[in-house]
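[1] sequence and computational prediction follow.
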Amino acid sequence: MNSCNRFLCSLLFLLSFHSTQLNAHAVVTEHSLSVGVINAHQTSQVKLNFNSSVEVGLSQIFLVRTGDIEEALPLKVGNTHGVVLVDMPALDAGKYALHYRIFAADGHLTDDIIHFTVQP
C-alpha cells in the first residue's frame with residue numbers, strides 16, 4: 001500500500017471515529033432496577049448508568065403509574081461519570097415505569113422508558 005493510500009485510509013478512520021463521538025446520545029448501559037428489588041411501601045433510590053456525561057439540570061425523570069399518570073422525580077448526579085440517582089417514593093405493589101428525558105453533555109436528547117415491578 002503506498003503512502004497516499006495509507007494516509008487516506010487513516011484519515012477516513014479518524015473521521016469516522018470523530019463523527020461517532022459527535023452524534024453520541026446518553027444511553028442507559030445498566031440500572032439498579034435490573035439487579036435489585038423495590039419493596040412496597042419503602043422509599044428507595046434508583047441508579048442509572050449512562051454511556052456519557054449527563055446535563056442533570058436539563059434532564060427529567062418521571063414515575064409512570066397505572067393509567068399513564070406521570071409524576072416528576074428528583075434526580076441528582078452520582079459520584080462517577082454518567083451516573084444519575086433518582087429518589088423513589090414509597091409505592092404500592094404493582095407495575096410501574098420510569099420515563100426519562102436525558103440530555104447528554106453534548107446536547108443530544110434521549111427519551112426512553114424502563115419498566116419495573118414493585119414487590120409486595
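    Ah, there it is. Numbering: from 1, shown residues only.
[2] ranges for the helices of this protein?
    For the chain, helices defined by DSSP state H occupy the ranges 3-22.
[3] what confidence value was assigned to the residue nearest to the spatial centre of the chain?
    In the chain, the C-alpha nearest the mean C-alpha coordinate belongs to residue 28, at 3.8 Å (CA atoms, centre = their mean). Residue 28 is assigned 95 on the pLDDT scale.
[4] residues contacting it?
    By CB atoms under 8 Å, 6 or more residues apart in numbering, the contact list for residue 28 reads 48-50, 100, 112, 114. All C-beta spots, glycine's among them, are computed from the backbone N, C-alpha and C.
[5] what's the most distant pair in the residues you listed?
    Greatest spacing in those, by CB to CB: 49 and 112 (13.7 Å).
[6] of these two, which one has the most company?
    residue 49 (16 against 13; other CB atoms under 10 Å).
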